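> I would like to see how this sequence folds:
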Amino acid sequence: MSFIDLGLQGAFADNIDAAGYETPTELQQQLIPLMAQRKSAIVWTQSAAGKTGAFLIPAINYIFNNPLTEHQGARILVLTSRRDRVNQITYTIKRLLGEGQQIRTGFIVSGRPYQPQMRLLRRPLDLMIATPGRLNDLVDNNKADFSHIELLIIDDLTAIHKKGLHGLVDRIIQQKPAGAPVIAFVRHDEEVTPYARNMLPNCEEITIEDEKSQLLRLPQLVHQADDYTHKLALIDYILDGLKGKPTVIFTVTSKTAKSLADNLANHGHTADSTHLLPDEERNLEACPILIVPDQEDFIPDLSGYEPVIHFELPEKTDTYLSRLQSVLGIERQEPIILLAGPSDRDCLKKLEEFQGEPINQRTIPGLEPKQTNRHSAKPNPRTNTRKPGSHPRNPANGEKSSRPPNGRGKPTNNSSATATARTSGAGAATDDKQRGRKGPYGRLNGGAQRKQGAGQQAADAGYEIGSWEKQDYVPKQATTADKKVVIRYKEKRRNLVK
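Alright, predicted model coming up:
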């Protein structure tokens, strides 16, 4: 099935295909015809594949089929719970329309001046995106009128209800015309489920397959890595094979995302982390390799067919599912790639336990891991760290300590003397290793890390004992070395552009 089969305008369907949306997802196949028939619906999902396109495509198609030249206020209202979601929806609209078609859009979020937003509510907009906090303030001040809206879309009713802003939803539904449909995306909850059904008693309900079943249908591959450097070599090889194809890379922390972008630049790949980019550039069109850290709580809007690489695995399975919310439910051939280092083994084990089956593993010739056991326990650095010859403080019951009772005294037999000699020899060897490991300027090198020339100045300030008694005594002046100025600079980072 293609989008043209869903009754969309031909030019609009061509733009959708050019944007990378090849075939409609399961949710899009069910929701787009319902919205075309002007029916209200409750969708029991929050992270289904193609969710944003599922309500934007029929909404934009409705605007094209029913143009109005003169009207006041927004015709379609999209209510979402997060500011970053506003940016995602705005980006998806631009992507769906392309360059040939345009609609009038606006958004209302907190942190912006009130006066421009009050004027925006009176402008003839086709579609408005709003967060409930600021919109609720405007409604309380009687600055918003919803008596002329033609479609209401609630992006995440569960989150809005949890924030205590469901009263705003009730007021909008009371003011809207009776024929205006409502589309609500809801996650099952003890409080929200009955509230949603009471709010929309005679609506259609759509249930999408659970996330676990959708995840099992996704092709996934694990590449084992020995350390961070090994991961870099693996991802460099993988990106070379993709040949500039837009790619999303997930990390856990923003720090790792920034260092990974720098390291990839050294390997000839231009990558950017989302936490260092403005909102309008957090997409694969502006940045062909996008690094997304979990700390930013931002998920880019994808068509579902882009290469996805997990450079680090999250501790929680829900975070892993959140990363793939735009990919779940899509039939794709290219596998999701997971790079699992020693610190990712436990996370990989949790993920495989959640899926109920192991993820296929693959090795790259020349980049094979030294440690092949994917679930091997990490070595405990605290085990067996006692120095040779040292004694436990509290020996176990029934064991005799070789230390004398009073902590003093000499060994009374030859075996004890031999053990003492071994201990002293091992201690000397350990000291040599420490000195070698710490280097020439280490703590064990007799203060060599101090400022160079400090000891020479004290020696050259020469004073000869009794010299002051001589008649031709002239005090010696301390020799002063010429000052050396060292200029430290950091070379400006340069992005490599292919």
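> contacting residues for Gln88?
When contacts are counted by C-beta atoms under 8 Å, 6 or more residues apart in numbering, Gln88 touches Thr52, Ile299, Pro300, Asp301. C-beta: built from backbone N, CA, C; applies to glycine.
> distance of it relative to Ala54?
14 Å (C-beta to C-beta, to the nearest Å).
> helix, strand or coil for the closest residue in space to Gly10 that isn't next to it in sequence?
Leaving aside its sequence neighbours, Gly10 sits nearest to Ile4 (C-beta to C-beta, 6 or more residues apart in numbering; 6.8 Å). In the three-state summary, Ile4 is assigned as helix, counting by DSSP: H, G, I helix; E, B strand; the rest coil.
> use 241 as the first number for this chain going forward.
Renumbered: residue one is now 241, and that last one reads Ile244.
> give me the neighbour count for Ile244.
The tally of other residues near Ile244 (other C-beta atoms under 10 Å) stands at 14.
> likewise the one 5 residues further on?
The criterion is other C-beta under 10 Å. On that basis, Gln249 has 16 neighbouring residues.
> that one contacts Ile303, doesn't it?
No. Between Gln249 and Ile303 there is no contact, the gap being 10.4 Å when judged by C-beta atoms under 8 Å.
> shaky segments in the chain?
286-289, 450, 612-738 (pLDDT under 70).
> what domains does the record give for it?
With automatic domain parsing serving as the domain definition, the record reports that the chain contains domains spanning 243-448, 453-601.
> mind putting these in a markdown table, distance to Glu608 included?
As requested, the domains of the chain are exported to a markdown table (distance: least, C-beta to C-beta, whole Å):
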| stretch | distance to Glu608 |
| --- | --- |
| domain 243-448 | 34 |
| domain 453-601 | 8 |
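> out of the ones you listed, which is closest to Leu607?
Closest to Leu607 of these is domain 453-601 (C-beta to C-beta; 5.6 Å).
> burial count for the residue nearest to Met368 when sequence neighbours are not counted?
Sequence neighbours aside, Ala314 is the residue nearest to Met368 in space, at 3.6 Å (criterion: C-beta to C-beta, 6+ apart). Here the number of neighbours of Ala314 (other C-beta under 10 Å) works out to 28.
> just Asp586 next, same as before
Asp586: 14 surrounding residues under other C-beta under 10 Å.
> same for the helix or strand hosting it, what does it pack against?
Counting by DSSP states H and E, the element that carries Asp586 is helix 585-595. Under the contact criterion of 3 or more C-beta pairs under 8 Å, 6 or more residues apart in numbering; DSSP states H and E, the helices and strands touching helix 585-595 comprise helix 451-457, helix 557-563, strand 576-580.
> what do you get if the cut-off is 7 Å, keeping everything else the same?
In this structure, helix 585-595 makes packing contacts with helix 451-457, helix 557-563, judged by 3 or more C-beta pairs under 7 Å, 6 or more residues apart in numbering; DSSP states H and E.
> is it true that Ile539 touches Leu561?
No. The criterion here is C-beta atoms under 7 Å, and Ile539 misses it with Leu561 at 10.6 Å.
> spatially nearest residue to Cys527 (excluding sequence neighbours)?
Spatial nearest neighbour of Cys527, chain neighbours left out: Asp512 (4.4 Å); criterion: C-beta to C-beta, 6+ apart.
> check Thr487 too.
Nearest in space to Thr487, with sequence neighbours left out and distances taken as C-beta to C-beta, 6+ apart, is Pro547 at 4.5 Å.
> which SSE is Tyr477 in?
Tyr477 is part of helix 468-482, with elements assigned from DSSP H and E.
> between that helix and strand 576-580, how many degrees?
160 degrees (axes from the mean of the first three to the mean of the last three C-alpha atoms, to 10 degrees).
> name the residues of helix 468-482 that are buried.
Tyr468, His470, Lys471, Leu472, Leu474, Ile475, Asp476, Ile478, Leu479, Leu482 (16 or more other C-beta atoms under 10 Å).
> mind giving me the packing neighbours of the helix or strand just after that helix?
Once helix 468-482 ends, the next helix or strand along the chain (criterion: DSSP H and E) is strand 487-491. The elements that strand 487-491 packs onto, with contact taken as 3+ C-beta pairs under 7 Å, 6+ apart, are strand 529-533, strand 548-550.
> strand partners of strand 487-491, parallel vs antiparallel please.
Strand pairing for strand 487-491, determined by DSSP bridges: strand 529-533 (parallel), strand 548-550 (parallel).
> now the strands for this protein?
Residue ranges of the strands in the chain, as given by DSSP state E, are 281-284, 316-319, 345-348, 367-370, 391-394, 422-425, 444-447, 460-464, 487-491, 512-513, 529-533, 548-550, 576-580, 600-601.
> including distance to Asn506 and mean neighbour count, could those go into a markdown table?
Formatted as a markdown table, the strands of the chain follow (distance: least, C-beta to C-beta, whole Å; neighbours: other C-beta atoms under 10 Å):
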| stretch | distance to Asn506 | mean neighbour count |
| --- | --- | --- |
| strand 281-284 | 45 | 20 |
| strand 316-319 | 42 | 24 |
| strand 345-348 | 39 | 20 |
| strand 367-370 | 39 | 24 |
| strand 391-394 | 45 | 24 |
| strand 422-425 | 43 | 24 |
| strand 444-447 | 48 | 14 |
| strand 460-464 | 20 | 21 |
| strand 487-491 | 16 | 24 |
| strand 512-513 | 15 | 22 |
| strand 529-533 | 14 | 24 |
| strand 548-550 | 18 | 23 |
| strand 576-580 | 18 | 22 |
| strand 600-601 | 28 | 12 |
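> any chance of CSV for these, columns distance to Leu405?
As requested, the strands of the chain are exported to CSV (distance: least, C-beta to C-beta, whole Å):
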stretch, distance to Leu405
strand 281-284, 18
strand 316-319, 9
strand 345-348, 14
strand 367-370, 11
strand 391-394, 11
strand 422-425, 14
strand 444-447, 23
strand 460-464, 38
strand 487-491, 30
strand 512-513, 32
strand 529-533, 28
strand 548-550, 33
strand 576-580, 35
strand 600-601, 44
